[in-house]
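> next come a sequence and a model predicted from it.
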Amino acid sequence: MRPARTFAFVFLCLLPITVLSGWVTSAAAQQQEKRIALVVGDGAYAKSPLATTANDAGLIAQTLQAAGFDVIGARDLDGDTLRKSFHDFMQKAESAGQNTVAMIYLAGYGVQLAGENYFIPVDTDISRDTDIPTEAIRISDYMHQLASLPLKASIVVLDTARQQPFMEGNSQIASGLALVDPENNMLIAYNAAPGTVAPPEPGPYGVYAQSLAEMIRTGGLALPDVFDRLRMRVNETTKGALVPWDAQKIQAQFLFFDRAPDAPAAQGPADQVAAIRTGPIRSMSAQDAYAAAIARDTLQGYDDFALGFPNDPMAARVRAIIAARREAITWRRTYLIDTPQAYWSYLRRYPDGPHAWDARRRLTYLSAVLEPPPSFAMVDYDVPPPLPAEFAIIDRPVVYFGDPVFGFAPPPPPPVFFLPPPPPDFVVLPPPFAVVGLFVLPQPRFVPFPAFVRAPVYVAPPPNNIVFNNIHNTTVINNVINVQPPTPPAGNVAAAASAAAGNTPVGATTPPPPNVRTLAQKAQANPTTANLTASQRALVQNPTASPANLVVAPSSRTSQGTTIPPSNSLGTVAPAKGTTQTGTAPTGTGQAATGPGGASSNSRLETQTPTQSKSGAAAGEPIHPDARLTTPPSGTTQQKGGPVGNATSATTTSPSGTAGRNEPSALAKPSPGNAKPTARVTPTAPSAPPPEVRHQAAPTTPSKPSTPTPAVHAAVPPPTHQAAPAAPRPAPPPPPPAAHAPAPPAVHAAAPPPRPPAPPKPPAQPAKKCKPGEKC
């Protein structure tokens, strides 16, 4: 009896400990992960309003609410309100605790300047590059703040890579967003690859936002898988026009949604999926190899495809991606070094590149001469220099992979085992409900989740979240969530501000940030003294108007002289209104894209650039467009054995950073003797030609009719009218004689004398390999 009594005594002693331990474990699991998000959609810009960005923000906010995020969001915020909203969110993240995942999603216009990315508020008054730091929101400031907090993970999504309309003519800033390095425990993602832009979209939703919502809703996907599949979906839907980008340094495991054990597999067989992710690209079929290159989105992966499938229809498109990525990496390395030698090295590689003006700005700040001296210590970049044919891509005012001037073939569909088709109820989404007031995000029509998709059990439920609690309840979805809230009467400021002020029930809309609610409460209390922007006043007058109709529509000409054709809701490219798609770049309105007097809108550094013509073309001589980039002709012999990084020879090198490899890896395989022109210099800034005639190549010479001529810049005066060529490529008739507009007198220092011809570039050192796990 004694052993039995001893056992019973021990059991009774351990039972409370076991129960308490289980209760603590369960409670810890329930409170393990808190999720917060800030979502902003700016679309009602005075210049070129965006039709989808507010809707996109509403769709992402609703999807994140379903995933257990405590979301605050708003639309069409001015600069002051936007800064205060960021401040509110940072305070919220700081008090959230260590087991918190914070996410920021921004939709609108974004620009890059000197290696930094900026988000443009709707009330911006930007007309030159010097306005950007004061008028726009610098994204890195808030990335640094998030990284300094002890959070589990941070996610920053910038759906902002669009052709900016604010700086007319030669804006002297690079297109798209700048390549950046993510902070620790952070993922950063763009809707378009660094240095490239997305086309205009009529709606109701942008392809990037809809694809992101689809991948989040899939469930069971780790964070890298979500954005890899997102990139493939967007590239497929836009017919290759967009290649989204992301980079991350997140160590913790994160799932937006779980999948039940009996759910169908989100992907195909594990061995096939692993082959796409890590297998040798050259051993795959061309279709699988392209999918693998897009999924990996590394310079090495694209280079492997270009080398393994040089004659595939996708090779020209992949070489264009290589050109843009190589330039973005080169500029990023230059900006981080931040010395005169680094900026001279960039200008030696890219004398008219997207960041040439950024390099000259930094040289001026560092009190260094603008032109590279005859000899200096070149930076040993870890990517090879560009090949001659790459300048046809990177020297364009706006880089857009769907540009019809290149005539790229549409990509093949991705393998079904890796990326299944989207759910039938998530292919064509209906427009959201009419907005219910100032600042409030549009409310999408909620699509129920599959029964096997659910939020992870360890996610702390967000407060008062009707969407999170009813992702499968079709009764609540149909009778409560998917019901149009009442719209305010036209012209009533108090009624328009009531929803954002928290005084009107609005169903399942996203609550605004605290400072936005305070602003709305002031407008509701004193409607006659409310300080509203032009777009906000337009919304009050017409509450049911779409964002694109809130302000006067701008002209079809965009900021840098290149009109990007819009895409429809399914991503297919259509010709721009008023133009004919003939395989050449749209010519816009035929007016010179310059400021008053023919000068660009930015007068800084304009008089400090020497005037020279290139490729033997005299100043003012019309030159023909560059030849279309094609795959190399059959029989082309590739030279090997030359030094890595030798830009003056026809030997080509791999951009992968692998030492000792001398292989072709750019837009087109050059034939022997097709070396980079040595007379590439920057045209005079005060009389900058319009972009539609700047980016043309010199006429081909009779001696080498088969050698493709890379695009060069010549100082061509702006013509009074330029008609679109009737035939697609090559050799269109030269434009009619131009009427010069009188240039304004120089107000800065006189231009220095023309620089001497650049000396031969010294051979670069063997390229460096990327570190394990690093995405480059």
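Yes, it's here.

> beyond the longest strand seen in the chain, next helix or strand please.
Criterion DSSP state E: the longest strand present in the chain is strand 100-113. Sequence order places strand 116-119 as the next helix or strand after strand 100-113, per DSSP states H and E.

> list the helices and strands that next one packs on?
strand 100-113, strand 137-138, helix 139-148, strand 153-161 (3 or more C-beta pairs under 8 Å, 6 or more residues apart in numbering; DSSP states H and E). Every residue, glycine included, has its C-beta placed from N, CA and C.

> could you redo the last one with a cut-off of 6 Å?
Here strand 116-119 touches strand 100-113, strand 137-138, going by 3 or more C-beta pairs under 6 Å, 6 or more residues apart in numbering; DSSP states H and E.

> which residues sit against that strand?
Leu106, Gly110, Val111, Ile132, Ala136, Ile137, Arg138, Ile139, Ser140, Leu177, Ala178 (C-beta atoms under 6 Å, 6 or more residues apart in numbering).

> am I right that the fourth one is in a helix?
To tie it back to what came earlier, the one meant is Ile132. Yes - assessed with DSSP: H, G, I helix; E, B strand; the rest coil, Ile132 lies in a helix.

> that one reaches Leu113, doesn't it?
Yes - between Ile132 and Leu113 there is a contact under C-beta atoms under 6 Å: 4.9 Å.

> so where do the strands sit in the stretch 401-550 of the chain?
Ranges of strands within the stretch 401-550 of the chain are 453-454, based on DSSP state E, counting those that start in this stretch.

> okay, now the unreliable bits of it?
Applying pLDDT under 70 to the stretch 401-550 of the chain flags residues 504-507, 546-550.

> show me where it has its helices.
For the stretch 401-550 of the chain, the helices defined by DSSP state H, counting those that start in this stretch occupy 474-476, 493-501, 514-525, 534-541.

> so for Lys47, which of those helices sits nearest?
When these are compared by C-beta to C-beta, helix 534-541 sits nearest Lys47, at 11.2 Å.

> contacts for the closest one?
Taking C-beta under 6 Å, 6+ apart as the rule, helix 534-541 contacts Ala44, Asp76, Val122, Leu438, Ala490, Gly491, Val493, Ala496, Leu550, Val551.

> 8 Å instead?
44-46, 49, 76, 122-123, 435, 438, 488, 490-493, 496, 532, 545, 550-551 (C-beta atoms under 8 Å, 6 or more residues apart in numbering).

> so which of the helices and strands packed on strand 116-119 comes closest to Thr237?
Among the helices and strands packed on strand 116-119, strand 100-113 sits nearest to Thr237 (C-beta to C-beta), with 17.3 Å.

> pairing partners for the closest one, with directions?
strand 34-41 (parallel), strand 116-119 (antiparallel), strand 153-161 (parallel) (DSSP bridges).

> just put those in JSON lines and tack on distance to Pro199 and mean neighbour count.
Compiled in JSON lines, those are given as follows (distance: least, C-beta to C-beta, whole Å; neighbours: other C-beta atoms under 10 Å):
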{"stretch": "strand 34-41", "distance to Pro199": "18", "mean neighbour count": "26"}
{"stretch": "strand 116-119", "distance to Pro199": "20", "mean neighbour count": "24"}
{"stretch": "strand 153-161", "distance to Pro199": "11", "mean neighbour count": "25"}
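
> which of these sits closest to Ala66?
strand 34-41 (11.1 Å).

> which SSE is immediately downstream of the closest one?
Assignment by DSSP H and E places the next element after strand 34-41 at helix 53-66.

> returning to that earlier point: going by distance to Val467, which of the contacts of strand 116-119 wins?
Leu106 (21.1 Å).

> ok, and the closest non-adjacent residue to Ala178?
Leaving aside its chain neighbours, Ala178 sits nearest to Gln112 (3.9 Å; criterion: C-beta to C-beta, 6 or more residues apart in numbering).

> how far away is the one you found from Met103?
22 Å (C-beta to C-beta, to the nearest Å).

> just want to know which of those two has more residues nearby.
The neighbour comparison of Gln112 against Met103 (other C-beta atoms under 10 Å) goes to Gln112, with 27 against 22.

> with that, I have no additional questions.
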